[in-house]
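> Please work out how this folds:
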Amino acid sequence: MKIVMIRFYKIKRPLKGRRFEDEFEMYTEANTIIDDLNKEEAFNWISRLPKIWQNVIDNDGAYVI
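You can find the predicted model right below:
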């Protein structure tokens, strides 16, 4: 959960205090931020999920970070 919260913060932080003309502009800007995060590999934590899941299986269902 902590990883997800940090990621949302990194998306929300650049949008703080900004005013948008419409939803499309807001979504476009948010998508730009997400794309930038992906390029920096800061948002690619999803690729680590198989290893995390395997650790859970190896530890008999205990989620260990």
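
> Below-threshold pLDDT in this structure: ranges please.
1-7, 40-45, 63-65 (pLDDT under 70).

> ok, which stretches of it are helices?
Applying DSSP state H to the chain gives helices spanning 2-15, 23-39, 49-58.

> Tell me the buried residues in the longest one?
Right, helix 23-39. For helix 23-39, the buried set under the neighbour-count rule, 16 or more other CB atoms under 10 Å, comprises residue 33. C-betas here are computed from N, CA, C, even on glycine.

> Remind me what it packs against, helices and strands.
Using 3 or more CB pairs under 8 Å, 6 or more residues apart in numbering; DSSP states H and E, the elements in contact with helix 23-39 are helix 2-15.

> Compute the distance between the closest residue to residue 14 other than its chain neighbours and residue 19, please.
Distance criterion CB to CB, 6 or more residues apart in numbering; nearest residue to residue 14, sequence neighbours excluded, is residue 33 at 5.5 Å. As judged by CB to CB, to the nearest Å, residue 33 and residue 19 stand 16 Å apart.
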